[in-house]
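**Q** What follows is a predicted structure for the sequence shown.
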Amino acid sequence: MKNIQKFQQTLTALLLICLLSMGSTAFAATSSDEGTQYIRADCNTRVKEKYVNNASSLRAATDKLIQKRLKTLLSYDSSVSKSNTLTDNHRTKLSANIDIDTSALSGILNTTSAESDVTKLAHSYCAVMFDYRIYTLVRYQVIYVAKIDAYASPDKSEQAASNQNVYSQIQKLLTKTGQSKKGNAPAIHARLIELRDGKLAQMDSAATTLSAEILATDAQSLDAKPEYFKTEVPKKITELKAMRSDISNQIKLISKSSKKLQAHASRYIGRKAIPSTTVHVGDMFRGPASTYGWDPVTHYKDPGDNNKPALSSASNDNPGIAIYNSGTLGGYWQVKAPNGTEAVVQQTDLGPSANRSIDVNSVAARTIFHYPQGNSFPTDEGEWSMEYLGKDKPAAN
């Protein structure tokens, strides 16, 4: 189903390009009626001179000029309604602009159909030519605004987001990383927020400004900047495309980091660490636990333990845990007890024996996880979870 929808979207986009290409052909064929044959200042004079005492020919020429524009506007309106890149707001604005021109040209057509005065017909002819720039104004507005919305969607409409995926991808990743406070999830979450509020916001602002500028361009402002659509706008759209590409690449890298963390978690969760296992930052384990070591306060002593941690710099007088992996010895783990207590604890020893996932020394059991006496520890009862945080002690929140 997704492939079919993707094909339909691609087909619609191709139809938009084809229809607009028809406008491009029309532009090439009729460029002479867009200002190269006449200039605004002497249009009326030259038209009257050409059609002096020949109102019927001038009326026919005006009719042809208008009909060609109305036909082109109809094709543009169809392209706008079918476009899958335009935002809802821009689709509405472009359609409204097309409707205004269509209505005005139809009105002129009705007026000139019964007109026999050459002066008035010349005025209408020149008004159509210079005030309704279908090929050099409306056409570019449709093309360029659609392109801008393909790279950025200022109003973040559902239609635009579904086409571009930039916003939806970021939102999905934010939801995913926001649900976990472990491992590198908080760092990924912060990076996504920075990307959303930084580069994505910058792209939005640039796109919003450019689209508004293009849609506000009229025949008079185009006369003042005749190269606007040929050089200035394409340059700005290229910059938007580069910004979009940069953001997409960053999203891919962030997504890869998030998936890698999830893959490690699913790979090790529910298993016991073993000496041959290479444990990565973000790897998690779950399972039952036991306690070990001597507690100088409660005087609990584990009869099977010599009270000498494998980590030479450590002492069982301080909180510590044992994981059955020498590669993580001295590192730090996010540990959660069955009673809900959660804390970062250093691995100071190797263990446990039997089919358990973690050993908690007596001091950690009492001072951190609220099991006041070693002999009250819930050995083999409930589930403990552990996530490896690396050799460096995490900064305190």
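**A** Noted; the coordinates are in hand.

**Q** what residue ranges in this protein score low on pLDDT?
**A** Filtered on pLDDT under 70, the chain yields the residue ranges 1-38, 152-168, 176-185, 256-271, 373-375, 397.

**Q** Repeat the analysis, applying 80 as the threshold.
**A** In the predicted model, the chain carries pLDDT under 80 at residues 1-41, 150-193, 195-197, 247-277, 282-283, 304, 353-355, 372-376, 396-397.

**Q** show me where it has strands.
**A** In the chain, the strands defined using DSSP state E lie at 284-287, 289-292, 321-322, 332-336, 342-349, 358-361, 384-390.

**Q** can you redo the ones you listed as a markdown table with distance to residue 52?
**A** C-beta coordinates here come from the backbone N, C-alpha and C atoms, glycine included. Shown next, in a markdown table, are these (distance: least, C-beta to C-beta, whole Å):
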| stretch | distance to residue 52 |
| --- | --- |
| strand 284-287 | 91 |
| strand 289-292 | 104 |
| strand 321-322 | 103 |
| strand 332-336 | 92 |
| strand 342-349 | 94 |
| strand 358-361 | 102 |
| strand 384-390 | 90 |
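
**Q** Let me have the ones you listed in TSV, extended by distance to residue 54 and mean neighbour count.
**A** Below are these laid out as TSV (distance: least, C-beta to C-beta, whole Å; neighbours: other C-beta atoms under 10 Å):
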stretch	distance to residue 54	mean neighbour count
strand 284-287	89	20
strand 289-292	103	25
strand 321-322	101	26
strand 332-336	91	20
strand 342-349	93	20
strand 358-361	100	28
strand 384-390	89	22
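
**Q** so which of these comes closest to residue 43?
**A** Counting by C-beta to C-beta, residue 43 lies closest to strand 384-390 out of the strands of the chain; the figure is 76.3 Å.

**Q** Check which helices and strands the closest one sits against.
**A** Packing partners of strand 384-390 (3 or more C-beta pairs under 8 Å, 6 or more residues apart in numbering; DSSP states H and E): strand 284-287, strand 332-336, strand 358-361.

**Q** right, and the strands of the chain - which one's nearest residue 309?
**A** Nearest to residue 309, of these and by C-beta to C-beta, is strand 342-349 at 4.4 Å.

**Q** mind listing what the closest one pairs with, with the direction of each?
**A** strand 321-322 (parallel), strand 332-336 (antiparallel) (DSSP bridges).

**Q** Pull the distance from the shortest one to the chain's centre.
**A** The gap between where strand 321-322 is centred and where its chain is centred comes out at 43 Å by C-alpha atoms, centre = their mean, to the nearest Å.

**Q** Ok, stretch 67-75 next?
**A** 36 Å.

**Q** which of the residues in that stretch are buried?
**A** 68-70, 72-73, 75 (16 or more other C-beta atoms under 10 Å).

**Q** Residue 129 is nearest to which of the helices and strands packed on strand 384-390?
**A** Closest among those, using C-beta to C-beta: strand 284-287, at 72.1 Å.

**Q** Distance to residue 101 added to the helices and strands packed on strand 384-390, as JSON lines?
**A** Below are those laid out as JSON lines (distance: least, C-beta to C-beta, whole Å):
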{"stretch": "strand 284-287", "distance to residue 101": "63"}
{"stretch": "strand 332-336", "distance to residue 101": "64"}
{"stretch": "strand 358-361", "distance to residue 101": "74"}
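
**Q** what's the closest of the strands paired with strand 342-349 to residue 188?
**A** Going by C-beta to C-beta, the one of those nearest residue 188 is strand 332-336, 15.8 Å.

**Q** related to what we said a few turns ago, of all the buried residues of stretch 67-75, which comes closest to residue 272?
**A** Nearest member of these to residue 272, counting by C-beta to C-beta, is residue 75, at 68.5 Å.

**Q** mind giving me the domain ranges of this protein?
**A** As given by automatic domain parsing, the domain ranges for the chain are 9-266, 284-390.

**Q** For residue 195, which non-adjacent residue is spatially closest?
**A** In space, and not counting its chain neighbours, residue 195 is closest to residue 250: 5.8 Å by C-beta to C-beta, 6 or more residues apart in numbering.

**Q** Next: residue 51.
**A** residue 58 (3.8 Å).
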